[in-house]
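Colleague: model this:
(2 chains)
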Protein chains: 2
Amino acid sequence: MKTLPELLKQISHGVYVISVCDGELSNAFTAAWVMQVSFSPLLLAFSISPMHRTYKLLGRSGECAINVLKQDQTALALHFSSSNLNKMTDHEWQFAKTKSPILSESSAYFDCKVKQTITTGDHVLVVCEVIDAGYLEQGKPMLYCETGDMDGSSQFFK
Amino acid sequence: MKTLPELLKQISHGVYVISVCDGELSNAFTAAWVMQVSFSPLLLAFSISPMHRTYKLLGRSGECAINVLKQDQTALALHFSSSNLNKMTDHEWQFAKTKSPILSESSAYFDCKVKQTITTGDHVLVVCEVIDAGYLEQGKPMLYCETGDMDGSSQFFK
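Modeller: Now for the predicted structure:
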């Protein structure tokens, strides 16, 4: 008999670092709930907890970068899932068309402008238009189902 | 240099059959754009083209099942991506808490009630509450990035 958190691992998600910059403030968080939602215009959507510090920053900047993590980057995923105030230091960032920071260690990035935000349950769904995208480092994308209970998400099922 | 369709394969999606029943009418289609969007209530979201016959049916029924395909089920994915009028015959279906048909060959199913629909670009995002879920057949979920250009999606990038 499978538990609900085990069953949900049948829904395939990758692992990403979503990064935002507003003036001198920047932040980033690890996300798994990311998908494409439209071909033309090219739209991606992600789901974010409104409790995240990055959520407020995103509301002000209206822009973000979705950075794809590779299979060997579990430490990076853990780092950006922490609530540490200085997560951005000790990592190399690039800047593309929008002002969002792009994580140089990621395999690929999608530089985005926020188009819609919709409250869905305990999260907010953010729909973004892809303004620019690029390939940075060779590697297979990390799959969320391979991370075990890295983020402790099994505790969130009521 | 990677093309945009190649870059988008860095966003991890699974492959699913989404099935709907309204009275004596039923239909199903192959989808890749599915993700979790909330823990409590447990919500999944998928993106559907409003041109799909299943979309109209979904508008009337307000319910659907999201069936997870396994790695060896490429033929099944192709079958349900066709516009054939008789896709539902020759397959075994089960019925769970809602009236949505559940594909017996899939590895797991999520029996859902539609909560929100939001137009996002050329698709409609459907947010569903999971009413019931179950595990059917052992197997690793199929990944969309492993299907090549099975669905001919590279033509949709303008």
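
Colleague: pLDDT at A:Leu58, what is it?
Modeller: As summarised for this prediction, A:Leu58 has a pLDDT of 97.

Colleague: which stretches of chain A form strands?
Modeller: Counting by DSSP state E, residue ranges of the strands within chain A are A:16-22, A:25-31, A:34-38, A:43-48, A:63-68, A:93-95, A:101-103, A:108-120, A:123-135.

Colleague: give the buried residues for the last one.
Modeller: So that's strand A:123-135. By neighbour count, with 16 or more other Cβ atoms under 10 Å in any protein chain shown as the criterion, the buried positions of strand A:123-135 are A:123-131, A:133. In this view, the C-beta of every residue, glycine as well, is placed from N, C-alpha and C.

Colleague: low-confidence ranges in chain A?
Modeller: In the predicted model of chain A, residues A:1, A:149-158 satisfy pLDDT under 70.

Colleague: hang on, the earlier thing: mind putting the strands of chain A in CSV, distance to chain B included?
Modeller: As requested, the strands of chain A are arranged in CSV below (distance: least, Cβ to the nearest Cβ, whole Å):
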stretch, distance to chain B
strand A:16-22, 8
strand A:25-31, 10
strand A:34-38, 3
strand A:43-48, 4
strand A:63-68, 4
strand A:93-95, 16
strand A:101-103, 13
strand A:108-120, 4
strand A:123-135, 5
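
Colleague: dump those strands to TSV, plus distance to B:His79.
Modeller: Below are these laid out as TSV (distance: least, Cβ to Cβ, whole Å):
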stretch	distance to B:His79
strand A:16-22	32
strand A:25-31	33
strand A:34-38	23
strand A:43-48	27
strand A:63-68	31
strand A:93-95	43
strand A:101-103	40
strand A:108-120	31
strand A:123-135	30
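
Colleague: could you point out which of those strands sits nearest B:Leu143?
Modeller: Proximity of these to B:Leu143 was assessed by Cβ to Cβ; the nearest stretch is strand A:34-38, lying at 12.9 Å.

Colleague: partner strands of that closest one and their direction?
Modeller: strand A:43-48 (antiparallel) (DSSP bridges).

Colleague: give me the neighbour count for A:Ala65.
Modeller: 30 (other Cβ atoms under 10 Å in any protein chain shown).
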